[in-house]
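fold the following for me, if possible:
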Amino acid sequence: MRPLILALLAALPATLSACAPGTSPNALPGLRPTLLPAQAQDNARRGAVELAVKGAFEPVMSDIAAGGGPALERAFDAAGVPAADRPARRLQLSGDLELYEANPGALVTSLLLWGR
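Numbering: from 1, shown residues only. Reported below is the predicted structural model:
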């Protein structure tokens, strides 16, 4: 039992370094590592997306229900969602419309995840 515990402890530093911010090859685009403070560009992007979504929430929701529109495109632009990804993202948004109607922050987070 003791050798197993020692082996696990020896592997721990390598495991922790693999999880360190910025080292994961599978990191989610659009999200910063949560252990590091937000940078000015992160805050600016998040603020722009929040303004685009929450400042025109009803038109954005109407655009999602309709399968697209100018308010939704402005939100996509603010988040930096690639044009090639937008048709699939519109489908995803319409499938989760009830979630986003109840929680605008969830919509902001989704857009930030999909953006670059």
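
could you dump the host helix or strand of E98 to PDB, C-alpha only?
Counting by DSSP states H and E, the element that carries E98 is helix 97-102. In PDB, the C-alpha atoms belonging to helix 97-102 read as follows (Å, rounded to 0.1, in the frame of the first residue of the first chain):
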ATOM      1  CA  LEU A  97     -34.200  28.900 -26.300                       C
ATOM      2  CA  GLU A  98     -36.000  28.400 -23.000                       C
ATOM      3  CA  LEU A  99     -32.800  28.200 -21.100                       C
ATOM      4  CA  TYR A 100     -31.600  31.500 -22.600                       C
ATOM      5  CA  GLU A 101     -34.900  33.200 -22.000                       C
ATOM      6  CA  ALA A 102     -34.600  32.500 -18.300                       C
END
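
all helices for this protein, in order.
2-18, 40-54, 57-66, 70-79, 86-95, 97-102, 104-114 (DSSP state H).

most tightly surrounded among these?
With neighbours taken as mean count of other CB atoms under 10 Å, these reach their highest mean count in helix 70-79, at a mean of 21. (Each C-beta comes from the backbone N, C-alpha and C, glycine too.)
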